[in-house]
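Q: with the input below, show me the fold.
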Amino acid sequence: MPLTDTSTVTRVPIAIASLPKHKVFDRSILQISKTANNSCRSFSAIKISRNYDFVVHSVSGDASASVGFDVPFPRDYSELLEQAKQATELALEDKKQLMEIEFPTSGLESVPGDGEGGIEMTESMQLIREFCDRFISPEKAMRTRIFFPEANEVEFARKSVFGGALFKLDYLTKPSFFQDFGFVSKVKMADRVKPEDELFMVAYPYFNVNEMLVVEELYREAVVNTARKLIIFNGELDRIRSGYYPPFFYPKLAALSKTFFPKMETVYYIHNFKGRNGGALFSRCYPGPWKVLRKINNKYICLHQQEVMPSLKEVALDILPSA
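A: Numbers count the residues shown, from 1 in each chain. Okay, here's the model as predicted:
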């Protein structure tokens, strides 16, 4: 059953409209301490057509990856959210059950760490609310459960960004007395969900290594062999894909690359590279190919594209320098 209804005009009220654009979540209680580096976003009502054109690119030199959806790099977050919405709708039509959406939140050309940790998470929370208001029709809101990393963030979300929303808000982990040492109380995910739940949205589960393990448990116990769908929103899964967490010390987390991630469809993805050979790995805007772009004279030029996701190391060391 579709999650959106284009014939519905009334939307869930957006409480964020009365808030400052960059209201900062006080993460001091969660033991985050980084240098603040905020940047202002511009939101506008830009719409794009779902009728994507098929085009032929020769820049990659790979004939097998020469045809795909020509989706432009978004001009602002409004256009980005519209692209992500349409990509997710197409993935649902193709019966995808486990999906990933990933993009920078401190500016379209930013990289993880450009913004202070708490600010980046608050920006993700705001963008998740805007995405949900676009993607989920009001009658489906009560059947959507949005998981935040910790119970404290659920309380913050209810008082700010998600104030007045009909979505069910929940959490993955619960802080313990030994939180400063990385210990959190385990939450049994099968007990968190209700029979009427249809969609799970998981918000930025990357601050604590246990969070992604709980997401896998949620998928295994509450999504597999059901009609439910699960979307991971800005989970920074590249940390696990790239081996940021040594398998010797984090064997369960490293195992997800072989057991969990192969089942996942990346429906929308942007990762920027800075430096002399900077550029952007833009895609995936499902069902299009993975594209590597470079900005020249304020325009993004496609340098390479392929059907499977390249590693960040491959893009940084091979594709961008040779383009």
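Q: the nearest residue to residue 245 once chain neighbours are set aside: neighbour count?
A: Excluding the flanking residues, the one nearest residue 245 by Cβ to Cβ, 6 or more residues apart in numbering is residue 253, at 5.2 Å. Any C-beta I mention is one placed from the backbone N, CA and C, and that applies to glycine too. Number of residues near residue 253 (other Cβ atoms under 10 Å) recorded here: 20.
Q: cool, residue 276 as well?
A: Residues near residue 276, counting by other Cβ under 10 Å, number 6.
Q: how much space separates it from residue 242?
A: Plainly put, residue 276 is 21 Å away from residue 242 if you go by Cβ to Cβ, to the nearest Å.
Q: tell me which element residue 91 falls in.
A: Here residue 91, judged by DSSP states H and E, is contained in helix 77-93.
Q: who are the packing partners of that helix?
A: Judged by 3 or more Cβ pairs under 8 Å, 6 or more residues apart in numbering; DSSP states H and E, the packing partners of helix 77-93 are strand 98-102, helix 117-135, strand 265-273.
Q: for the stretch 201-323 of the chain, just list every one of the strands.
A: For the stretch 201-323 of the chain, the strands defined by DSSP state E, counting those that start in this stretch occupy 229-233, 265-273, 279-282, 290-296, 299-306.
Q: dump those into CSV; add distance to residue 140, mean pLDDT and mean neighbour count as well.
A: Output for the strands of the stretch 201-323 of the chain, formatted as CSV (distance: least, Cβ to Cβ, whole Å; pLDDT from 0 to 100; neighbours: other Cβ atoms under 10 Å):
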stretch, distance to residue 140, mean pLDDT, mean neighbour count
strand 229-233, 11, 98, 24
strand 265-273, 18, 96, 21
strand 279-282, 29, 81, 24
strand 290-296, 30, 92, 19
strand 299-306, 34, 92, 18
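Q: need the contact list for the residue nearest to residue 245.
A: Taking Cβ atoms under 8 Å, 6 or more residues apart in numbering, we find residue 253 in contact with 209, 212, 213, 240, 245.
Q: of these, closest to residue 305?
A: Set against residue 305, the nearest of those by Cβ to Cβ is residue 240 (24.4 Å).
Q: check the gap between that closest one and residue 83 for me.
A: 25 Å.
Q: then residue 137?
A: To residue 83, residue 137 is 19 Å away according to Cβ to Cβ.
Q: higher neighbour count, the two?
A: residue 83 (22 against 18).
Q: can you verify my assumption that that one contacts residue 268?
A: Yes. Using Cβ atoms under 8 Å as the test, residue 83 is close enough to residue 268 to be in contact (6.6 Å).
Q: which neighbours do these two have in common?
A: Each of residue 285 lies in contact with both residue 83 and residue 268 under the rule Cβ under 8 Å, 6+ apart.
Q: so where's the stretch 51-200 of the chain uncertain?
A: In the predicted model of the stretch 51-200 of the chain, residues 51-69, 117, 175-187 satisfy pLDDT under 70.
Q: and residue 115, that one's in a strand?
A: No. Per DSSP: H, G, I helix; E, B strand; the rest coil, residue 115 lies outside any strand segment and is coil.
Q: do a quick rundown of the helices in the stretch 201-323 of the chain.
A: With DSSP state H, counting those that start in this stretch as the criterion, the stretch 201-323 of the chain has helices at 209-222, 238-241, 251-259, 312-314, 320-322.
Q: looking at those helices, which is closest to residue 102?
A: Per Cβ to Cβ, nearest to residue 102 of the helices of the stretch 201-323 of the chain: helix 238-241, 7.8 Å.
Q: what residues does that closest one touch?
A: For helix 238-241, the external contacting residues (Cβ under 8 Å, 6+ apart) are 102, 206, 212, 244-245, 253-254, 256-257, 261, 271, 311-312.
Q: so which of the contacts of residue 253 comes closest to residue 192?
A: Proximity of those to residue 192 (Cβ to Cβ) peaks at residue 213, which lies at 14.8 Å.
Q: what's the burial count for the closest residue to the closest one other than its chain neighbours?
A: Leaving aside its sequence neighbours, residue 213 sits nearest to residue 252 (Cβ to Cβ, 6+ apart; 5.9 Å). By the measure other Cβ under 10 Å, the count of residues near residue 252 is 14.
Q: do you know how far residue 252 is from residue 235?
A: Distance check for residue 252 against residue 235: by Cβ to Cβ, it reads 16 Å.
Q: same deal with residue 135?
A: Distance, residue 135 to residue 235, using Cβ to Cβ: 17 Å.
Q: out of the contacts of helix 238-241, the closest to residue 196 would be?
A: Using Cβ to Cβ, residue 212 is the member of the contacts of helix 238-241 that lies nearest residue 196, at 26.0 Å.
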